[in-house]
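[1] Requesting a structural model of the entry that follows:
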Amino acid sequence: MNRARVRAAVGALADGGRRLSEEVVDELLAGARTEEELVGPGGLFAQLTKRPVERAMEVELSDHRGYEPHAEPPGGTGNTRNGTTPKTLITDHGPVPIDTPRDRDGSFEPKLVRKRKRRFEGFDEKVLALYSRGLSTRDIEAHLAEIYGAKVGPELISKVTDAR
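    You can find the predicted model right below:
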C-alpha cells in the first residue's frame, strides 16, 4: 500500500486524467428527472460527492494501517479498523452525509476531510463574499439554508468572518 493509491482515489474527485465517458454521464443524468433528484438532499450531486470521498478515506485508512479491509492486520492483533463515524459535509451543493472510517486507537487522521472539519475548501470564501456585500450574519444564515440546505448558525458565520 502506498501514497500513490491515496492520490489516485482522491484524484477521482477531480479530473485526474480519467474522464467519464459521455454515455456514463448521460446515464447518470437520466436517473435524475427533477432538480430535487439532481441537486437536492441525497440527489445525484450528493451521491457523486459521498461515494468518492468515502472510498478515498478508506484508501487513506488502508495506507495508515498497512492492510486492506477484511484482511488480517500485520503482526496479529493491535490497532484494527473500528467501523465508521457519521459526519455531514457542507459542500457547494448542500449537506452530504458521509461515513468516516476510524481505527481502534484513534490514530487515523484523514487528510481529505480532517477531523472536526465539516466544510470543503471554498465554503469560508463564500461566507466572506456574502459578508463583504453587506449581508448580516442572519441574512447569510438564511441564504445558506435556502440555497444549500445547510443549517449554519450566526455564531459560525461570525467565527468565519472574524478569523479572516
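[2] in which helix or strand would I find residue 96?
    Per DSSP states H and E, residue 96 falls inside strand 94-103.
[3] contacting residues around that strand?
    By C-beta atoms under 8 Å, 6 or more residues apart in numbering, the residues outside strand 94-103 that reach it are 39-41, 45-46, 49-50, 53-54, 57-58, 61, 64-65, 79-89, 108, 110, 113, 148-150. Just so you know, the C-beta spots here come from the backbone N, C-alpha and C atoms, and that holds for glycine as well.
[4] switch the cut-off to 6 Å
    Contact with strand 94-103 is made by 46, 49-50, 53-54, 57-58, 61, 79, 82, 84-89, 148-150, as judged by C-beta atoms under 6 Å, 6 or more residues apart in numbering.
[5] Drop anything exposed from the residues you listed.
    Using 16 or more other C-beta atoms under 10 Å as the burial test, the contacts of strand 94-103 include 46, 49-50, 53-54, 57-58, 61, 79, 87, 89, 148, 150 as buried.
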